[in-house]
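>>> With the sequence up front, the predicted model follows.
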Amino acid sequence: MRKFAVFSGFLGSGKTTTMMALAKKGTKTAMITNDLGNKGLADHKLATLRECNAAEITGDCICYQTEKLVENLNRLFEEEGCDLVVSDIPGFGVGALDHVYHTLGDKYPGQYELAPFTVLTEPRTVDLLREGGGDLAYILHTQLVEADLIVLNKCDLLDASGREAAVQYLKKTYPQAEVVTLSAVTGEGLDALYKALTEGQASMHRPDIGYGGEAFTEVMGRVCEYNIQYYATVCCNDFDGNAYLLDLAREVQKRVGELKARIPHMKLLAWEPEGEYGKVDLLDVDRPIEVSQTFGHPCTELAAALNASAFGVGTELDAAITAAVEQVSRQYQLDLVIYRKEVI
């Protein structure tokens, strides 16, 4: 078996966490992290810290890097003996069904078994769809129209009636897709997802999603991808890295909110030379900050990567996020060296 699956889905739906859970499930599953920025971004670093079998494709979406994708797939399948490889796509991922699956099918017929085209959702996604309207709902709907398989992730946040209501809504609105529930954090539903990916097949349908049309271009023209990477050392004493990450996420949330911008997902990962790490996620200006990993002891130095996808003006977001990093680092008496920034 040489099964390949693409994970699409909205920002913060848990694509990376789900890929890592699958990669940790067995030695024959690997993941590919894909991002628009340069190397060393948060997702790939996090996967290596968790000792997952992970490759990295950067610089652009795999939609436009077919040769790099094939090179990685061949290495993982042929040299490492993997049975299942899963890859995410950066940003909002609309159009990956055509650009990835159909391109592989046309250029490399029969070389790979394409698993059901998979779109991850979470409870907030369903709420936004039900509310309707706005840029976010437009993108969410466009993603789900492409799905063969819809994964309702973070199902542990719902009670039984809420879960059933969300599943029924997704089944009724997107009847072309199978719907499974999952908690990538607790592992609930992971076996069912693995079975759906390894035993199912891509339908290779080609829905009209208006890709490149006026509405699509207008919405995507407001999207900005941001990345900042830096080192920080403690000038006087050990410091609480967990409190630092939370305060930084709060400051970014405040400053982006003051711009009247949206930041559907920000990943903030920091790690020590010995390999211990902390991670927080920001899922918009009006939602609670999520803490997924904490340091177990005071830190003396760390490296950090902050990746964000936002609706707003790139230069304004750059100024706001950079100012937040500098301000909070000063508050914690850190010596700061920013060595990479990207606005895409």
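Perfect, thanks for sending it. Since the model is a prediction, treat every value here as computed from it, not as a measurement.
>>> Could I get the contacting residues of Leu248?
With contacts defined as Cβ atoms under 8 Å, 6 or more residues apart in numbering, Leu248 is in contact with Leu268, Ala324, Val325, Val328. For glycine as for every other residue, the C-beta is placed from the backbone atoms N, C-alpha and C.
>>> a helix runs through it, doesn't it?
Yes: read with DSSP: H, G, I helix; E, B strand; the rest coil, Leu248 is one of the residues of a helix.
>>> begin at 656 from here
All right, first residue 656 from here; so that's Leu903.
>>> how far away is it from Pro745?
Leu903 sits 22 Å away from Pro745, going by Cβ to Cβ, to the nearest Å.
>>> now do Ala847
Distance, Ala847 to Pro745, using Cβ to Cβ: 27 Å.
>>> Between these two, point out the one with more neighbours.
Pro745 (24 against 13; other Cβ atoms under 10 Å).
>>> thinking that one is in contact with Asp690, fair?
Yes: contact status for Pro745 versus Asp690: in contact at 4.9 Å, counting by Cβ atoms under 8 Å.
>>> contact partners of stretch 991-999?
Stretch 991-999 has contacts (Cβ under 8 Å, 6+ apart) with 691-693, 695, 879-887, 969-970, 972-973, 977, 980-981, 984.
>>> In helices, which of the residues you listed appear?
Among the contacts of stretch 991-999, DSSP state H puts Gly969, Thr970, Leu972, Asp973, Thr977, Val980, Glu981, Ser984 in helices.
>>> any idea which of those residues is closest to Glu801?
Gly969 (27.2 Å; Cβ to Cβ).
>>> OK, contacts around that closest one?
Gly969 neighbours (Cβ under 8 Å, 6+ apart): Cys879, Tyr881, Val998, Ile999.
>>> Same list (these) but as JSON lines, adding pLDDT.
Putting those into JSON lines (pLDDT from 0 to 100) gives the following:
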{"residue": "Cys879", "pLDDT": "82"}
{"residue": "Tyr881", "pLDDT": "86"}
{"residue": "Val998", "pLDDT": "83"}
{"residue": "Ile999", "pLDDT": "77"}
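>>> So which residues of the stretch 856-999 of the chain form strands?
Using DSSP state E, counting those that start in this stretch, the strands found in the stretch 856-999 of the chain span residues 878-889, 917-926, 932-937, 945-948, 956-966, 989-998.
>>> what sits against Asp973?
Contact partners of Asp973, counting by Cβ under 8 Å, 6+ apart, are Tyr881, Lys996, Val998.
>>> again, only this time at 6 Å
Residues counted as contacts of Asp973 (Cβ atoms under 6 Å, 6 or more residues apart in numbering) are Val998.
>>> Compute the inter-axis angle for the helix or strand where Ala678 lies and strand 917-926.
Using DSSP states H and E, the element containing Ala678 is helix 670-680. Counting by axes from the mean of the first three to the mean of the last three Cα atoms, to 10 degrees, helix 670-680 lies at 40 degrees to strand 917-926.
>>> Show me which parts of helix 670-680 are buried, residue by residue.
Lys670, Thr671, Thr672, Thr673, Met674, Met675, Ala676, Leu677, Ala678, Lys679 (16 or more other Cβ atoms under 10 Å).
>>> Neighbouring strands - and their directions - for the very next helix or strand once past that helix?
Note on helix 670-680: by DSSP H and E, the next helix or strand toward the C-terminus is strand 684-689. Next to strand 684-689 in the sheet, as set by DSSP bridges, lie strand 709-712 (parallel), strand 739-743 (parallel).
>>> okay, these in TSV with distance to Leu791 next?
Below are the strands paired with strand 684-689 laid out as TSV (distance: least, Cβ to Cβ, whole Å):
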stretch	distance to Leu791
strand 709-712	26
strand 739-743	19
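>>> got the residue ranges for the strands in the stretch 656-805 of the chain?
In the stretch 656-805 of the chain, the strands defined using DSSP E, counting those that start in this stretch lie at 658-664, 684-689, 709-712, 739-743, 768-769, 773-776, 804-807.
>>> Which secondary structure elements does the first one sit against?
In terms of contacts (3 or more Cβ pairs under 6 Å, 6 or more residues apart in numbering; DSSP states H and E), strand 658-664 is packed against strand 739-743, strand 773-776.
>>> hmm, 7 Å instead?
helix 670-680, strand 739-743, strand 773-776, helix 845-854 (3 or more Cβ pairs under 7 Å, 6 or more residues apart in numbering; DSSP states H and E).
>>> Quick one: neighbours of Lys762, just the number.
Per other Cβ under 10 Å, the neighbour tally for Lys762 reads 11.
>>> any idea of the pLDDT on it?
On the pLDDT scale, Lys762 is placed at 95.
>>> Name the nearest residue to it, ignoring sequence neighbours.
Excluding the flanking residues, the one nearest Lys762 by Cβ to Cβ, 6 or more residues apart in numbering is Thr721, at 6.6 Å.
>>> where in the chain is pLDDT low?
Per-residue confidence for the chain (pLDDT under 70) gives these ranges: 681-682, 691-696, 746-748, 788, 866-868.
>>> excluding its backbone neighbours, what's nearest the residue with the largest distance to the centre of it?
Among the C-alpha atoms of the chain, the one most distant from their mean position (Cα atoms, centre = their mean) is that of Cys891, at 35.9 Å. Closest residue to Cys891 apart from its sequence neighbours, by Cβ to Cβ, 6+ apart: Gln988 at 5.7 Å.
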